[in-house]
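**Q** How does the following fold in three dimensions:
(chains A, B, C and D)
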Number of protein chains: 2
Amino acid sequence: MLPVESRLELLKVIAHPIRIKILEDLTKGVKCVSDFEEAFDISQPNVSQHLKLLRSHHVVDYFVDGRLKCYFLKEPFIPDLLELLKKEYKRDIPAPACCPVTKKGTYPGERRR
Amino acid sequence: MLPVESRLELLKVIAHPIRIKILEDLTKGVKCVSDFEEAFDISQPNVSQHLKLLRSHHVVDYFVDGRLKCYFLKEPFIPDLLELLKKEYKRDIPAPACCPVTKKGTYPGERRR
DNA sequence: TAAAAACATAATAATCTTTGCATATATTAT
DNA sequence: ATAATATATGCAAAGATTATTATGTTTTTA
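**A** Next up is the predicted model:
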């Protein structure tokens, strides 16, 4: 499997509003389940479900501390991705010269946009 | 809206097996619809639907050349992301000292894994 | 030892995505 | 004009994801 495809599942797991917030928080330090519950104002089972998914993809892991579970980041790809998500781009990729050759070749069209 | 959240939609759009392949191909040059049809062996309407989604998120754009539509990459975030997806990591993020303090504080638990 | 706290799991309901199929549109070739 | 090619669109069926509700487990506290 190509590396890009193997990371696809990971990308899907990350691309959720709650889970990305969980991951952002975890880059700042260890958190337990009810920390997320309060921070995002969602139900505890819902937090647990998201954490379960992240766990099953080896994105996070946890310590048991009494009745708390202290979650932490495990997957090194995450901080890099979160960093990239914050990057600002000044302009779009410039359009290629119209009309470059595709597999089908170019037609003698009007080459308008 | 935080930058990370504004890029979330983009991430969701990218995190699809066909669409990521389309984007990979487009980093190599301009392609028309039927190029993808052949390359991934999926129906033409299906290709068009994926391209429509990518278009609506300003990820790609196209030239009209006769009856061909020549698609190209527009969103500068994409090449950087595809690059990052290929990056290899030697090891996981090391686990923090057990058990660090969460909002809830630490319990006098057994601090086992 | 009973109650409470923290978390997990399971089942279901609600929602969103994806695909397939039929059809529509635009352009070129005959 | 008519047919053929290239692509787009609309809609319904199937599939996947997410949130909700109920319940279970473990640990601590009273």
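
**Q** Got phi/psi on A:Phe72?
**A** Summarising the backbone geometry of A:Phe72 under the convention degrees, to the nearest 10, its torsions are phi -140, psi 160.

**Q** By residue count, which helix of chain A is the longest?
**A** Taking residue count as the measure and DSSP state H as the definition, the longest helix of chain A comes out as helix A:44-56.

**Q** Now do that helix: which elements does it pack against?
**A** Of the remaining helices and strands, those touching helix A:44-56 by 3 or more C-beta pairs under 8 Å, 6 or more residues apart in numbering or on different chains; DSSP states H and E are helix A:17-27, helix A:33-40, strand A:60-65. C-beta here means a position set from N, CA and C on the backbone, and glycine is covered the same way.

**Q** gap between the shortest one and the chain center?
**A** When C-alpha coordinates are averaged (C-alpha atoms, centre = their mean, to the nearest Å), strand A:60-65 and its chain have centres 21 Å apart.

**Q** Give the pairing partners of it; include direction for each.
**A** Each strand paired with strand A:60-65, and its direction, by DSSP bridges: strand A:68-73 (antiparallel).

**Q** For the helix or strand just after the strand it pairs with, list every residue counted as buried.
**A** Next in sequence after strand A:68-73, counting helices and strands by DSSP states H and E, comes helix A:77-86. For helix A:77-86, a neighbour-count test (16 or more other C-beta atoms under 10 Å in any protein chain shown) marks A:77-78, A:81-82, A:85 as buried.

**Q** out of those, which touch chain B?
**A** Among these, the residues lying close to chain B (C-beta under 8 Å from any C-beta of the partner chain) are A:77, A:81-82, A:85.

**Q** Among those residues, which one lies nearest to chain B?
**A** Taking C-beta to the nearest C-beta as the measure, A:Leu85 is the one of those closest to chain B, at 4.6 Å.

**Q** was I right about that closest one contacting B:Arg7?
**A** Yes - using C-beta atoms under 8 Å, A:Leu85 makes contact with B:Arg7 at a distance of 4.6 Å.

**Q** roughly how far apart are the most centrally placed residue in chain A and DNA strand D?
**A** Closest to where the C-alpha atoms of chain A average out (C-alpha atoms, centre = their mean) is A:Ile14, at 3.2 Å. Between A:Ile14 and DNA strand D the computed distance is 10 Å (C-beta to the nearest atom of the strand, to the nearest Å).

**Q** same thing with A:Val30?
**A** Counting by C-beta to the nearest atom of the strand, the gap from A:Val30 to DNA strand D is 17 Å.

**Q** what about that residue, distance to DNA strand C?
**A** The span separating A:Val30 from DNA strand C equals 11 Å under the rule C-beta to the nearest atom of the strand.

**Q** That residue contacts A:Leu68, doesn't it?
**A** No - the pair A:Val30 / A:Leu68 is not scored as a contact, 9.9 Å apart, by C-beta under 8 Å.

**Q** List the contacts of A:Glu24.
**A** A:82, B:4 (C-beta atoms under 8 Å, 6 or more residues apart in numbering or on different chains).

**Q** and if you look at A:His50?
**A** A:16, A:18-19, A:22.

**Q** Let's see if you can find the most crowded of the residues you listed.
**A** For the contacts of A:His50, counting by other C-beta atoms under 10 Å in any protein chain shown, the largest number of neighbours falls to A:Ile22: 24 neighbours.
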